[in-house]
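Peer 1: how would this look folded up:
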Amino acid sequence: MGLTYNETLKAVQIILNGNNVPNIVGNAGIGKSALVQELANKCHAKLFTTVVSLSEKGDLSIPVPPLTSDSFIQTEQYGKLADVQYGYSHTLIEIITYAQSHPNDDIYWFLDEFNRGSQAVQSELMNVVLQRQVNSLKLPRQVKIIIAENPDSTMSGFERSNYSVSDSDDAIKDRTTRIIMDTNTDEWLKWADSAEIHPMIINYLGNNPDMLIQSHSEDLHPTPRAWHRVSDNLKQLEKENLVHTKLTENIIAGDLGVLVAHDFIAFLNKNRLTLNLDDFLNDSDIDLKNSFNSLDEVAKNKVLFNLISQIDSENKLSSTIARKILLLINLVSPDGQYSLVLKLNNQTKFISKVFSAFKSTEDIEYSNLYNKIQEIAFIEFR
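Peer 2: Numbers count the residues shown, from 1 in each chain. The predicted structure is shown next:
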């Protein structure tokens, strides 16, 4: 049974504190690298990363000729090795140099995509993981190793995996603690809100939590990392007014696969912003009111929420925008207003931003909007 992101974070920390080597196993794109970076930040550790799948045999222990006396590094406490630029040896020099200048600081050496390297590369790293030694070089005591792997079909629960991996040596399996990392949509959505992921993606995955990751699709398939790319691309498409074109579906399909992209595009079309941000900013008050009043009550609420969510995520709040938002809120029914404010409070930071803007500027437009929001919020208690 897999662990969520936060559970994996805690498990890895416990294993490291027990002076053991955690092996994080999970599908590509679920956040293994981000997790190690967060743990390093949390524990004030210096992080060094080696992508094993990009390495060749000899990077660790065979120097590249020609070598001069300047090519060798003699350390004070840990031995002698050749400085092969951009290979493992250079990473080791950086690690040891840091260890000598920061003897009391923890150092994390993250060996990412460990089982996607060749058997020869994995064998080279065996002594590092098992013996903490490369030839005559010994790793400093404060260096803690973390491994990450993609699943392979020999692992329990991953029989249908089709990653191009090399089986890990039994000695590695015996000397490391395997942690299965899984995805949790609720947890990811909380992160997505703080990371300013596009609100339409948050809404879609809130309604379709199983779509966060589809590991066994034959086509390209969604992953948390893929959804992050979709968010960035969707924001760019909106800036260029290209959201409702064929280009959008092709770009999104390049991240999510055709089937999921088609479903997401259908969701976008069904819930699209009838008033896009440019129209909202540029239309006169009369044109804006006429466009908005042409919608039914359900559509008004949906359009206004999506519009405000976009303003919130792109940090575009201004005095003019505050005035126009209040104009549209006043065109929504009392029940619709209450529902809107409730969603804004639970799913965005917009209300707190309006309050902060009012306190820092005392602008009348911010004051009017914030007072209206307060009035709506307390209507239930009258």
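
Peer 1: who touches His262 in this structure?
Peer 2: Glu249, Ala253 (Cβ atoms under 8 Å, 6 or more residues apart in numbering). Glycine gets a C-beta too; all of them are placed from N, C-alpha and C.

Peer 1: Which positions within the helix or strand where it lies qualify as buried?
Peer 2: Secondary-structure assignment from DSSP states H and E places His262 in helix 258-270. Neighbour-count burial for helix 258-270, counted by 16 or more other Cβ atoms under 10 Å, picks out Leu259, Val260, Ala261, Phe264, Ile265, Phe267, Leu268.

Peer 1: Please apply the same query to stretch 181-188.
Peer 2: Within stretch 181-188, the residues that qualify as buried are Met181, Asp182, Thr183, Asn184, Thr185, Trp188, counting by 16+ other Cβ under 10 Å.

Peer 1: how about those, which pair is most distant?
Peer 2: Met181 and Thr185 (14.4 Å; Cβ to Cβ).

Peer 1: burial of Asp106, as a residue count?
Peer 2: Counted with other Cβ atoms under 10 Å, the neighbours of Asp106 add up to 15.

Peer 1: nope, Leu340 is what I meant
Peer 2: If you count neighbours by other Cβ under 10 Å, Leu340 ends up with 21.

Peer 1: my guess is it meets Val303, correct?
Peer 2: No - Leu340 is beyond contact range of Val303, at 10.4 Å (criterion: Cβ atoms under 8 Å).

Peer 1: coming back round to it: out of the buried residues of stretch 181-188, which sit inside helices?
Peer 2: Thr185, Trp188 (DSSP state H).

Peer 1: Which single one of the buried residues of stretch 181-188 is nearest to Val298?
Peer 2: Closest to Val298, out of all of the buried residues of stretch 181-188 and judged by Cβ to Cβ, is Thr185, at 25.3 Å.

Peer 1: I'd guessed that closest one sits against Tyr204; true?
Peer 2: No - the criterion here is Cβ under 8 Å, and Thr185 misses it with Tyr204 at 11.1 Å.

Peer 1: Got the domain ranges for the chain?
Peer 2: 5-180, 185-270, 277-381 (automatic domain parsing).

Peer 1: Please convert those domains to a markdown table, extending it with mean pLDDT.
Peer 2: Shown next, in a markdown table, are those (pLDDT from 0 to 100):
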| stretch | mean pLDDT |
| --- | --- |
| domain 5-180 | 79 |
| domain 185-270 | 86 |
| domain 277-381 | 88 |
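
Peer 1: Just name the closest of the buried residues of helix 258-270 to Cys43, please.
Peer 2: Val260 (36.4 Å).

Peer 1: Which parts of the stretch 151-300 of the chain are helices?
Peer 2: 170-175, 185-194, 199-207, 224-239, 246-256, 258-270, 277-282, 285-293, 297-313 (DSSP state H, counting those that start in this stretch).

Peer 1: Identify whichever of those helices lies nearest to Ile145.
Peer 2: helix 170-175 (10.3 Å).

Peer 1: now what about that closest one, what contacts it?
Peer 2: Contacts for helix 170-175 (Cβ under 8 Å, 6+ apart): Val21, Asn23, Phe114, Gln122, Met126, Val129, Leu130, Ile147.

Peer 1: gap between the fifth one and His90?
Peer 2: Distance, Met126 to His90, by Cβ to Cβ, to the nearest Å: 20 Å.

Peer 1: Name the residue in those two with the higher neighbour count.
Peer 2: His90 (16 against 13).

Peer 1: Over to the more buried one. Which of the three states is it?
Peer 2: Look at His90: counting by DSSP: H, G, I helix; E, B strand; the rest coil, its state is helix.

Peer 1: So it versus Ser53, what's the distance?
Peer 2: In terms of Cβ to Cβ, His90 sits 18 Å off from Ser53.

Peer 1: And Ser319, by the same measure?
Peer 2: Counting by Cβ to Cβ - Ser319 and Ser53 are separated by 52 Å.

Peer 1: Now do the contacts for Ile213.
Peer 2: Applying Cβ under 8 Å, 6+ apart, the residues contacting Ile213 are Asn27, Gly29, Ile30, Thr183, His221, Pro222, Thr223, Pro224.

Peer 1: The same query, at a cut-off of 7 Å, please.
Peer 2: Applying Cβ atoms under 7 Å, 6 or more residues apart in numbering to Ile213 gives the contacts Asn27, Ile30, Thr183, Pro222, Thr223, Pro224.

Peer 1: my read: the second one touches Thr223, true?
Peer 2: Spelled out, that is Ile30. Yes - between Ile30 and Thr223 there is a contact under Cβ atoms under 7 Å: 6.3 Å.

Peer 1: Compare those two (neighbour count), which wins?
Peer 2: Counted by other Cβ under 10 Å, Ile30 and Thr223 do not tie: Ile30 has more neighbours, with 24 against 21.

Peer 1: how about that one, phi and psi?
Peer 2: phi -90, psi 0 (degrees, to the nearest 10).

Peer 1: coming back round to it: need the helices of the stretch 151-300 of the chain in a markdown table with distance to Thr49, can you?
Peer 2: Shown next, in a markdown table, are the helices of the stretch 151-300 of the chain (distance: least, Cβ to Cβ, whole Å):
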| stretch | distance to Thr49 |
| --- | --- |
| helix 170-175 | 19 |
| helix 185-194 | 21 |
| helix 199-207 | 28 |
| helix 224-239 | 16 |
| helix 246-256 | 24 |
| helix 258-270 | 30 |
| helix 277-282 | 38 |
| helix 285-293 | 50 |
| helix 297-313 | 30 |
